[in-house]
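[1] my questions are about this predicted structure, shown below with the sequence.
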Amino acid sequence: MRPSMIRSAESALRRGLLRRSYTSESPLPERKVAILGAAGGIGQPLSLLMKLNPLVSNLALYDIAGTPGVAADVSHINTRAEVAGYMTEDQIGQALEGSDVVIIPAGVPRKPGMTRDDLFNINAGIVKNLCVAIAKYCPDAVVNMISNPVNSTVPIASEVFKKAGTYDEKKLFGVTTLDVVRARTFFAGKSKSPGLNLVFTDVNVPVVGGHAGITILPLFSQATPASNVALSADEITALTKRTQDGGTEVVEAKAGKGSATLSMAYAGALFADACLKGLNGVPDVVECTFVQSSITELPFFASKVRLGKNGVEEVLGLGTLSDFEKEGLEKLKPELKSSIEKGIKFAKEN
Ligand SMILES: NC(=O)c1ccc[n+]([C@@H]2O[C@H](COP(=O)([O-])OP(=O)(O)OC[C@H]3O[C@@H](n4cnc5c(N)ncnc54)[C@H](O)[C@@H]3O)[C@@H](O)[C@H]2O)c1
Ligand SMILES: O=C(O)C[C@H](O)C(=O)O
């Protein structure tokens, strides 16, 4: 199908989304999306948002607890996707079989005072087992890894897939979209300053590196639309720090009740939608994401990536960096390298 046909079908469906159900006459391709960890804080709103996405024809919701209720609830929404819930481990094969995209928000979230790396001991094993099942039941699927620490869970997944002989570096993505969403919001928030008038939904800011503390490097020098008033060095430093600490800001505000769930579900849905568009042949779909990369000396790195019919079509370069960003890039490398190596070591030894 031509990309223009897909775009107009999508737009027609979006316009009618809340008024009528999808009919089988639509030219959109069949696409199955599986969410692993679907009954959790992220999983539930993400399941809702994927049910609203007209590109999804089948939605498989898997969790070790609570999925029947979430699946029954979401399934009553009159949109295209057929919903099925799966709970016990012997059902994971049914959940995964035929999936085009698998989204993984399974695992424990942070509490105040913890780093994302403190989640490694529990989440590494969860992610490893889920990836073993993906390699077995849907080896060709595009994988969107949300579970933290992303800087290590993506390398774990790559090693599991290598061991199984199914690794395709074009199909494994660490989801860093929430960093981009935050950078956009905080940058556009500057419109409250005299002389700036940025519309939140028009703003874009690339965020590169990884997904933890200083490894999150927003490139405000490349923000679009460019503001007509240069931000001061102090303002850029403050915006950068707020983006890097965005997760911690939410963890502290939730005071022991978890980390970002609603904004993450929004970000996860945006990224999955971009992957589906790429698979469907829509041209010029570009998102920042943590992938196998050769744009720095590190084997995995988040940068702008062009998405296509086979997943990654092109890993785009970093562009021109300011001196402040160059310094941030050098500072983040040791931490990111050690998180990547920790994940690889775990997967090799377990
Ligand atoms: N990438 C990001 O930007 C980002 C943002 C926010 C949160 N996160 C991470 O996402 C993860 C989930 O966060 P949350 O707030 O939804 O946590 P949560 O505790 O609310 O939900 C996690 C869900 O995973 C399920 N689960 C646990 N083990 C499982 C398994 N083996 N198979 C299937 N499901 C399993 C649990 O039953 C639970 O429903 C955390 O690791 C968190 O740090 C990442
Ligand atoms: O901060 C966390 O622990 C969750 C997530 O990685 C986030 O950025 O919100």
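    Received the coordinates, thanks. Ligands and ions are numbered 1, 2, ... in the order given.

[2] tell me which stretches of the stretch 151-300 of the chain form helices.
    177-188, 233-244, 246-254, 262-279 (DSSP state H, counting those that start in this stretch).

[3] ok, Val150 - how many residues close by?
    Neighbours of Val150 under the rule other CB atoms under 10 Å: 28. (Each C-beta comes from the backbone N, C-alpha and C, glycine too.)

[4] and the pLDDT for the residue in the stretch 1-150 of the chain positioned nearest to ligand 1?
    Ligand 1 sits closest to Gly40 of the stretch 1-150 of the chain, with a gap of 2.1 Å, by CB to the nearest ligand atom. Here the pLDDT value assigned to Gly40 is 98.

[5] which phi and psi does the closest residue to it other than its chain neighbours have?
    Spatial nearest neighbour of Gly40, chain neighbours left out: Pro105 (6.1 Å); criterion: CB to CB, 6 or more residues apart in numbering. Main-chain dihedrals, Pro105, degrees, to the nearest 10: phi -110, psi 30.

[6] which residues sit in contact with Pro105?
    Contacts of Pro105 were listed using CB atoms under 8 Å, 6 or more residues apart in numbering, and they are 35-38, 40, 42-43, 46, 146-147, 264, 268.

[7] up against ligand 1, what does this protein have?
    Proximity of the chain to ligand 1 (CB under 6 Å from any ligand atom) is limited to residues 36-37, 39-43, 62-65, 105-110, 119, 123, 126, 130, 146-148, 150, 175, 178, 211, 258-261, 264.

[8] per-residue pLDDT, the residue nearest to Gly40?
    Taking Pro105 on its own, its pLDDT is 98.

[9] try Lys304
    98.

[10] who's it bridged to?
    Cys288 (DSSP bridges).

[11] before we move on, the earlier item: before we move on, what SS does the residue of the stretch 1-150 of the chain closest to ligand 1 have?
    coil (DSSP: H, G, I helix; E, B strand; the rest coil).

[12] and the one 4 residues further on, by the same measure?
    For Gln44, the assignment made with three-state DSSP gives helix.

[13] the residue of the stretch 1-150 of the chain closest to ligand 1: what's it in contact with?
    Taking CB under 8 Å, 6+ apart as the test, what Gly40 contacts is 63, 105-106, 261.

[14] can I get the helices of the stretch 151-300 of the chain in CSV with mean neighbour count and distance to Asn350?
    Supplementary listing: the helices of the stretch 151-300 of the chain in CSV, determined by neighbours: other CB atoms under 10 Å; distance: least, CB to CB, whole Å:
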stretch, mean neighbour count, distance to Asn350
helix 177-188, 24, 28
helix 233-244, 16, 30
helix 246-254, 18, 26
helix 262-279, 22, 26
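
[15] out of those, which gets nearest to Met114?
    helix 246-254 (7.6 Å; CB to CB).

[16] can you list contacts of that closest one?
    Applying CB under 8 Å, 6+ apart, the contact partners of helix 246-254 are 109-112, 114, 116, 178-179, 182, 186, 242, 258-260, 263.

[17] 10 Å - rerun?
    41, 109-116, 148, 178-179, 181-183, 185-186, 211-213, 216, 218, 242, 245, 257-264 (CB atoms under 10 Å, 6 or more residues apart in numbering).

[18] run through the residues of this structure sitting next to ligand 2.
    109-110, 116, 148, 178, 246-247, 250-251, 259-260.

[19] residue contacts, Ala141?
    Per CB under 10 Å, 6+ apart, neighbours of Ala141: 32-34, 96-102, 134-135, 166, 168, 171-172, 311.

[20] now with 8 Å?
    Shown in contact with Ala141 (CB under 8 Å, 6+ apart): 34, 96, 99-102, 134, 171.

[21] and what of Thr153?
    123-124, 127, 145, 147, 174, 343.

[22] ok, Gln91 touching Tyr62?
    Yes. If you go by CB atoms under 8 Å, Gln91 and Tyr62 touch, sitting 7.2 Å apart.

[23] what about those two, which has more around it?
    Shown here are Gln91 and Tyr62; by other CB under 10 Å, Tyr62 has more neighbours (29 against 15).

[24] show me the shaky parts of the stretch 51-200 of the chain.
    191-197 (pLDDT under 70).

[25] same question for the stretch 201-350 of the chain.
    Along the stretch 201-350 of the chain, segments meeting pLDDT under 70 span 227-229.

[26] in the chain, which helix is the longest?
    helix 323-349 (DSSP state H).

[27] may I have the phi/psi pair for Glu314?
    Main-chain torsions, Glu314, degrees, to the nearest 10: phi -160, psi 130.

[28] packing partners of the longest helix of the chain?
    Contacts defined by 3 or more CB pairs under 8 Å, 6 or more residues apart in numbering; DSSP states H and E place helix 323-349 against helix 120-137, helix 150-164, strand 207-209, strand 216-218, helix 233-244, strand 300-308.

[29] list the residues that contact the residue most central in space within the chain.
    Centroid-nearest residue in the chain, with CA atoms, centre = their mean: Val175, separated by 2.5 Å. Taking CB under 8 Å, 6+ apart, we find Val175 in contact with 103, 144-146, 150, 267-268, 271, 289-290.
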